[in-house]
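*Asks:* Requesting a structural model of the entry that follows:
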Amino acid sequence: MGGSMDSRLYFVLGDLASNILVGLVVGWLCSLIVGVGWHMFLTMILTMVIGMVVGMALWIPLGICFGSMEVMLPTMFGGMLSGMVVGMWATMTPLAGNEAIAIGAACGLIAMVIIWILNSSLRGIRSYEAEN
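*Replies:* Down below sits the predicted model:
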């Protein structure tokens, strides 16, 4: 009747905002921690863990507003992706805070798009008659 939760504008915008927020926080935090010349593989593991921890920490308040299960997977995936990308980038060249925030937010957005595409392909084509 009203459509599924993932198709209502409030929850769609909430998912996007949640992932962008997690991405920018993780990007900023990783830029503060990682320095040029760090070992890339170890940095990738460290920043992936940082991204998961931040994603989990922010999932709790964001999940209250936008649905617990709908926010948990995308924010943790977005946090991991943002952490790995910003962390690896920061090992090669110094990143200013605003650059790390922008890269992290873009990674959060990309992670959300990947989740939506995979979710849609797993669900397949649905008719509205089947929901009523």
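*Asks:* quick one, helices of this structure?
*Replies:* With helices called from DSSP state H, the chain shows them at 9-33, 40-66, 68-92, 97-123, 128-131.
*Asks:* Highest mean neighbour count across the ones you listed, which stretch is it?
*Replies:* helix 68-92 (a mean of 23; mean count of other C-beta atoms under 10 Å). C-beta: built from backbone N, CA, C; applies to glycine.
*Asks:* and the most centrally placed residue in the chain, what does it touch?
*Replies:* In the chain, the centroid-proximal residue (C-alpha atoms, centre = their mean) is G78; its distance is 2.1 Å. For G78, the contact set (C-beta atoms under 8 Å, 6 or more residues apart in numbering) comprises 19, 22-23, 26, 51, 55, 107-108, 111-112.
*Asks:* Out of those, which is nearest to G35?
*Replies:* G35 lies nearest to V26 out of the contacts of G78, by C-beta to C-beta, at 16.9 Å.
*Asks:* Hmm, V53 and the closest one touching each other?
*Replies:* No - applying C-beta atoms under 8 Å, one finds V26 not in contact with V53, separated by 9.1 Å.
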